[in-house]
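Peer 1: how does the following fold in three dimensions:
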Amino acid sequence: MMQHLTSILNQFGLADKESALYLASLTLGESGMSELAQKAKLKRTSAYVVFKALEQKGLMGSFKMRSGTKFVATPPEVVIRKTEQQLMQLQAVLPEFQAIQDKANGPKITYFEGEEGYRVAAEDSLKFAGETIRHIGSLEEIHKVISRDYDINYYIPKRIHNRIRLKALYFKSDFNETNFMRDDGAELRQIRFLPESFKYPTSLLIYGNKVAFFSTAKELITVIIESADLVESERKKFDLMWELLDNKETGV
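Peer 2: Residues are numbered from 1 along each chain as shown. Sure thing, here's the model as predicted:
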(Lines give C-alpha, C1' and ligand atoms only; values in the text may rest on other atoms or scores of the structure.)
Protein backbone atom coordinates (compact mmCIF):
# COMPACT_ATOMS: atom_id res chain seq x y z
CA MET A 1 0.00 0.00 0.00
CA MET A 2 2.78 2.44 0.89
CA GLN A 3 4.40 1.94 -2.51
CA HIS A 4 1.09 2.69 -4.20
CA LEU A 5 0.56 5.85 -2.12
CA THR A 6 4.14 6.94 -2.76
CA SER A 7 3.56 6.53 -6.48
CA ILE A 8 0.40 8.68 -6.29
CA LEU A 9 2.20 11.41 -4.36
CA ASN A 10 5.07 11.32 -6.85
CA GLN A 11 2.57 12.01 -9.64
CA PHE A 12 1.50 15.12 -7.75
CA GLY A 13 5.03 16.45 -7.72
CA LEU A 14 6.46 15.10 -4.45
CA ALA A 15 9.96 13.69 -4.38
CA ASP A 16 10.50 10.26 -2.82
CA LYS A 17 11.81 11.73 0.44
CA GLU A 18 8.88 14.14 0.64
CA SER A 19 6.41 11.31 0.09
CA ALA A 20 8.14 9.19 2.72
CA LEU A 21 8.06 11.94 5.36
CA TYR A 22 4.45 12.89 4.64
CA LEU A 23 3.28 9.27 4.90
CA ALA A 24 5.34 8.78 8.06
CA SER A 25 3.69 11.83 9.61
CA LEU A 26 0.22 10.59 8.66
CA THR A 27 1.06 7.24 10.27
CA LEU A 28 2.50 8.65 13.51
CA GLY A 29 0.34 11.72 13.98
CA GLU A 30 1.87 14.47 16.15
CA SER A 31 5.48 13.50 16.67
CA GLY A 32 9.02 14.76 17.08
CA MET A 33 11.49 15.05 14.24
CA SER A 34 13.69 12.17 15.41
CA GLU A 35 10.74 9.79 15.47
CA LEU A 36 9.57 11.04 12.07
CA ALA A 37 13.00 10.69 10.52
CA GLN A 38 13.33 7.13 11.83
CA LYS A 39 9.90 6.17 10.46
CA ALA A 40 10.67 7.73 7.04
CA LYS A 41 14.14 6.15 7.04
CA LEU A 42 15.82 9.55 6.71
CA LYS A 43 18.64 11.25 8.57
CA ARG A 44 17.30 13.78 11.06
CA THR A 45 19.01 16.72 9.33
CA SER A 46 17.65 15.61 5.95
CA ALA A 47 14.18 15.08 7.42
CA TYR A 48 14.06 18.66 8.65
CA VAL A 49 15.00 20.00 5.19
CA VAL A 50 12.29 17.82 3.64
CA PHE A 51 9.79 19.05 6.24
CA LYS A 52 10.47 22.68 5.28
CA ALA A 53 9.73 21.82 1.64
CA LEU A 54 6.46 20.12 2.63
CA GLU A 55 5.57 23.06 4.84
CA GLN A 56 5.94 25.45 1.91
CA LYS A 57 3.59 23.23 -0.09
CA GLY A 58 1.03 23.27 2.70
CA LEU A 59 1.38 19.55 3.41
CA MET A 60 2.89 19.71 6.91
CA GLY A 61 2.99 22.04 9.88
CA SER A 62 4.53 22.29 13.34
CA PHE A 63 3.72 23.63 16.79
CA LYS A 64 5.64 23.98 20.02
CA MET A 65 4.90 22.13 23.24
CA ARG A 66 6.69 21.89 26.58
CA SER A 67 8.13 18.59 25.47
CA GLY A 68 9.46 20.15 22.26
CA THR A 69 8.38 20.96 18.71
CA LYS A 70 5.83 18.60 17.22
CA PHE A 71 5.30 18.01 13.52
CA VAL A 72 2.06 16.99 11.87
CA ALA A 73 0.84 16.21 8.36
CA THR A 74 -1.99 18.20 6.83
CA PRO A 75 -5.02 15.88 6.55
CA PRO A 76 -5.55 14.64 2.97
CA GLU A 77 -9.12 15.98 2.85
CA VAL A 78 -7.80 19.47 3.64
CA VAL A 79 -5.23 19.14 0.88
CA ILE A 80 -7.98 18.08 -1.55
CA ARG A 81 -10.22 21.02 -0.61
CA LYS A 82 -7.32 23.42 -1.04
CA THR A 83 -6.47 21.90 -4.42
CA GLU A 84 -10.09 22.20 -5.53
CA GLN A 85 -10.12 25.87 -4.51
CA GLN A 86 -6.90 26.49 -6.43
CA LEU A 87 -8.39 24.76 -9.48
CA MET A 88 -11.49 26.98 -9.28
CA GLN A 89 -9.31 30.07 -9.05
CA LEU A 90 -7.31 28.92 -12.07
CA GLN A 91 -10.50 28.26 -14.05
CA ALA A 92 -11.77 31.74 -13.16
CA VAL A 93 -8.72 33.42 -14.70
CA LEU A 94 -8.39 30.97 -17.61
CA PRO A 95 -9.77 33.53 -20.12
CA GLU A 96 -7.00 35.93 -19.09
CA PHE A 97 -4.34 33.28 -19.67
CA GLN A 98 -5.88 32.47 -23.05
CA ALA A 99 -5.84 36.16 -23.97
CA ILE A 100 -2.12 36.28 -23.18
CA GLN A 101 -1.54 33.15 -25.27
CA ASP A 102 -3.57 34.53 -28.18
CA LYS A 103 -1.53 37.70 -28.07
CA ALA A 104 1.69 35.68 -28.13
CA ASN A 105 0.35 33.65 -31.06
CA GLY A 106 -0.66 36.79 -32.95
CA PRO A 107 0.99 38.14 -36.09
CA LYS A 108 4.80 37.99 -36.16
CA ILE A 109 6.73 40.45 -38.29
CA THR A 110 10.35 39.96 -39.36
CA TYR A 111 12.23 42.74 -41.12
CA PHE A 112 15.39 42.28 -43.19
CA GLU A 113 17.77 44.63 -44.95
CA GLY A 114 20.01 43.18 -47.65
CA GLU A 115 19.94 39.96 -49.67
CA GLU A 116 19.44 37.80 -46.58
CA GLY A 117 15.70 38.48 -46.41
CA TYR A 118 15.16 37.31 -49.99
CA ARG A 119 16.97 34.05 -49.35
CA VAL A 120 15.33 33.48 -45.95
CA ALA A 121 11.88 33.80 -47.53
CA ALA A 122 12.85 31.58 -50.46
CA GLU A 123 14.20 28.84 -48.18
CA ASP A 124 11.22 29.17 -45.84
CA SER A 125 8.75 28.71 -48.69
CA LEU A 126 10.38 25.37 -49.56
CA LYS A 127 9.33 23.89 -46.21
CA PHE A 128 5.66 23.57 -47.14
CA ALA A 129 5.75 20.29 -49.05
CA GLY A 130 2.72 19.46 -51.17
CA GLU A 131 1.29 22.97 -51.02
CA THR A 132 0.89 25.77 -53.55
CA ILE A 133 2.81 29.01 -53.20
CA ARG A 134 1.80 32.22 -54.95
CA HIS A 135 4.13 34.86 -56.33
CA ILE A 136 3.05 38.17 -57.81
CA GLY A 137 5.13 41.03 -59.16
CA SER A 138 8.49 41.52 -60.81
CA LEU A 139 10.50 38.35 -61.43
CA GLU A 140 13.19 40.51 -63.01
CA GLU A 141 13.82 42.37 -59.72
CA ILE A 142 13.93 39.09 -57.78
CA HIS A 143 16.57 37.74 -60.17
CA LYS A 144 18.66 40.88 -59.66
CA VAL A 145 18.99 39.84 -56.01
CA ILE A 146 18.98 36.04 -55.80
CA SER A 147 20.06 35.49 -59.43
CA ARG A 148 18.56 33.49 -62.25
CA ASP A 149 21.05 30.65 -61.64
CA TYR A 150 19.90 30.28 -58.02
CA ASP A 151 16.32 30.05 -59.24
CA ILE A 152 16.94 27.56 -62.04
CA ASN A 153 19.64 25.37 -60.49
CA TYR A 154 18.54 25.34 -56.84
CA TYR A 155 15.14 26.78 -55.99
CA ILE A 156 13.08 25.21 -58.80
CA PRO A 157 14.58 21.68 -58.45
CA LYS A 158 14.08 21.72 -54.69
CA ARG A 159 10.54 23.04 -55.05
CA ILE A 160 9.76 20.21 -57.49
CA HIS A 161 11.36 17.67 -55.15
CA ASN A 162 9.10 18.89 -52.33
CA ARG A 163 6.05 18.72 -54.65
CA ILE A 164 5.37 22.42 -54.18
CA ARG A 165 3.37 24.03 -56.96
CA LEU A 166 3.80 27.64 -58.02
CA LYS A 167 1.10 29.97 -59.27
CA ALA A 168 2.67 33.18 -60.56
CA LEU A 169 1.37 36.52 -61.79
CA TYR A 170 4.25 38.13 -63.70
CA PHE A 171 4.85 40.79 -66.32
CA LYS A 172 5.50 39.38 -69.78
CA SER A 173 8.21 41.97 -70.45
CA ASP A 174 10.34 40.21 -67.78
CA PHE A 175 10.64 37.27 -70.18
CA ASN A 176 12.78 37.55 -73.31
CA GLU A 177 15.39 35.64 -75.28
CA THR A 178 17.90 35.99 -72.44
CA ASN A 179 15.43 34.72 -69.89
CA PHE A 180 14.70 31.09 -69.30
CA MET A 181 12.31 29.10 -71.49
CA ARG A 182 10.86 26.40 -69.26
CA ASP A 183 8.41 23.51 -69.20
CA ASP A 184 5.73 24.75 -66.82
CA GLY A 185 3.98 21.38 -66.52
CA ALA A 186 7.12 19.49 -65.56
CA GLU A 187 8.11 22.22 -63.14
CA LEU A 188 4.72 22.35 -61.39
CA ARG A 189 4.22 25.96 -62.41
CA GLN A 190 1.37 28.05 -63.80
CA ILE A 191 1.91 31.60 -65.04
CA ARG A 192 -0.51 34.32 -66.00
CA PHE A 193 0.50 37.79 -67.08
CA LEU A 194 -0.35 41.11 -65.50
CA PRO A 195 -1.09 44.16 -67.68
CA GLU A 196 2.13 45.96 -68.62
CA SER A 197 0.46 49.31 -67.97
CA PHE A 198 0.45 48.44 -64.26
CA LYS A 199 4.04 47.20 -64.07
CA TYR A 200 5.83 47.77 -60.78
CA PRO A 201 9.21 46.58 -59.46
CA THR A 202 8.28 44.94 -56.15
CA SER A 203 6.80 41.50 -55.48
CA LEU A 204 4.82 39.46 -52.98
CA LEU A 205 5.20 35.79 -52.01
CA ILE A 206 2.35 33.96 -50.28
CA TYR A 207 3.11 30.59 -48.68
CA GLY A 208 2.04 28.57 -45.66
CA ASN A 209 0.84 31.05 -43.05
CA LYS A 210 3.21 33.80 -44.19
CA VAL A 211 3.39 36.68 -46.61
CA ALA A 212 6.76 38.04 -47.77
CA PHE A 213 7.01 41.53 -49.24
CA PHE A 214 10.09 42.27 -51.38
CA SER A 215 11.22 45.77 -52.28
CA THR A 216 13.44 46.56 -55.27
CA ALA A 217 17.01 45.37 -55.71
CA LYS A 218 18.03 48.95 -54.98
CA GLU A 219 16.36 49.11 -51.55
CA LEU A 220 16.87 45.43 -50.61
CA ILE A 221 14.15 45.30 -47.97
CA THR A 222 12.13 42.20 -47.08
CA VAL A 223 9.25 42.02 -44.61
CA ILE A 224 7.88 38.59 -43.65
CA ILE A 225 4.56 38.56 -41.79
CA GLU A 226 3.22 35.42 -40.14
CA SER A 227 -0.54 35.87 -39.89
CA ALA A 228 -3.33 33.45 -40.80
CA ASP A 229 -5.77 36.33 -41.38
CA LEU A 230 -3.40 38.29 -43.62
CA VAL A 231 -2.46 35.18 -45.61
CA GLU A 232 -6.11 34.34 -46.22
CA SER A 233 -6.80 37.89 -47.40
CA GLU A 234 -3.77 38.07 -49.71
CA ARG A 235 -4.43 34.60 -51.10
CA LYS A 236 -8.02 35.52 -51.97
CA LYS A 237 -6.90 38.75 -53.64
CA PHE A 238 -4.35 36.80 -55.65
CA ASP A 239 -6.91 34.18 -56.67
CA LEU A 240 -9.36 36.89 -57.72
CA MET A 241 -6.77 38.44 -60.04
CA TRP A 242 -5.87 34.96 -61.27
CA GLU A 243 -9.45 34.25 -62.28
CA LEU A 244 -9.86 37.65 -63.95
CA LEU A 245 -6.75 37.15 -66.08
CA ASP A 246 -7.57 34.71 -68.86
CA ASN A 247 -4.23 35.05 -70.66
CA LYS A 248 -2.69 31.89 -69.20
CA GLU A 249 0.33 30.77 -71.20
CA THR A 250 2.70 27.84 -70.88
CA GLY A 251 6.23 27.24 -72.05
CA VAL A 252 7.50 30.50 -70.60
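
Peer 1: mind checking how far stretch 116-132 is from the chain centre?
Peer 2: Average the C-alpha atoms of stretch 116-132, do the same for its chain, and the two points are 17 Å apart (CA atoms, centre = their mean, to the nearest Å).

Peer 1: distance between the ends of it?
Peer 2: One end of stretch 116-132 sits 23 Å from the other (CA to CA, to the nearest Å).

Peer 1: buried residues, that stretch. List them.
Peer 2: 117-119, 121-122, 124-126, 128 (16 or more other CB atoms under 10 Å). Just so you know, the C-beta spots here come from the backbone N, C-alpha and C atoms, and that holds for glycine as well.

Peer 1: how about the helices in the stretch 101-250 of the chain?
Peer 2: Under the criterion DSSP state H, counting those that start in this stretch, the stretch 101-250 of the chain contains helices at 116-125, 139-146, 148-150, 156-161, 228-244.

Peer 1: quick one, which of those helices is nearest to residue 197?
Peer 2: Proximity to residue 197, assessed across those by CB to CB, is greatest for helix 228-244 (14.6 Å).

Peer 1: and the closest one, what other elements does it pack with?
Peer 2: strand 132-137, strand 165-171, strand 203-207, strand 210-214 (3 or more CB pairs under 8 Å, 6 or more residues apart in numbering; DSSP states H and E).

Peer 1: lowest confidence element among the helices and strands of this protein?
Peer 2: Per-element confidence for the chain was summarised using mean pLDDT, DSSP states H and E. The lowest value among helices and strands belongs to helix 94-104, with a mean of 73.

Peer 1: which one among the buried residues of stretch 116-132 gets closest to residue 174?
Peer 2: Checking these against residue 174 by CB to CB gives residue 118 as the nearest, at 16.4 Å.

Peer 1: mind listing what that closest one touches?
Peer 2: 112, 142, 145-146, 214, 220, 222 (CB atoms under 8 Å, 6 or more residues apart in numbering).

Peer 1: between the helices and strands packed on helix 228-244, which one is closest to residue 80.
Peer 2: Taking CB to CB, strand 210-214 is the member of the helices and strands packed on helix 228-244 nearest to residue 80, at 47.6 Å.

Peer 1: what sits up against that closest one?
Peer 2: For strand 210-214, contacts defined as CB under 8 Å, 6+ apart pick out 117-118, 121, 124-125, 137, 141-142, 145, 202-206, 221-227, 230-231, 234.

Peer 1: how far off centre is it?
Peer 2: Taking the mean C-alpha point of strand 210-214 and that of its whole chain, the gap between them comes to 19 Å (CA atoms, centre = their mean).

Peer 1: quick check: mean pLDDT across that strand?
Peer 2: For strand 210-214, the mean pLDDT works out to 95.

Peer 1: partners of it in the sheet?
Peer 2: As defined by DSSP bridges, the strand partners of strand 210-214 come to strand 203-207 (antiparallel), strand 221-226 (antiparallel).

Peer 1: and the helices and strands packed on helix 228-244: which comes nearest residue 72?
Peer 2: Shortest distance between residue 72 and these, using CB to CB, is found for strand 210-214: 59.0 Å.

Peer 1: picking that back up, reformat the helices of the stretch 101-250 of the chain as CSV; add mean pLDDT.
Peer 2: Formatted as CSV, those follow (pLDDT from 0 to 100):
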stretch, mean pLDDT
helix 116-125, 93
helix 139-146, 92
helix 148-150, 89
helix 156-161, 94
helix 228-244, 94
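
Peer 1: of the contacts of strand 210-214, grab the buried ones for ChimeraX.
Peer 2: Of the contacts of strand 210-214, the buried ones can be selected in ChimeraX as follows, counting by 16+ other CB under 10 Å:
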select :117,118,121,124,125,137,141,142,145,203,204,205,206,221,222,224,225,226,227,231,234
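
Peer 1: now residue 88. Its backbone dihedrals?
Peer 2: phi -60, psi -40 (degrees, to the nearest 10).
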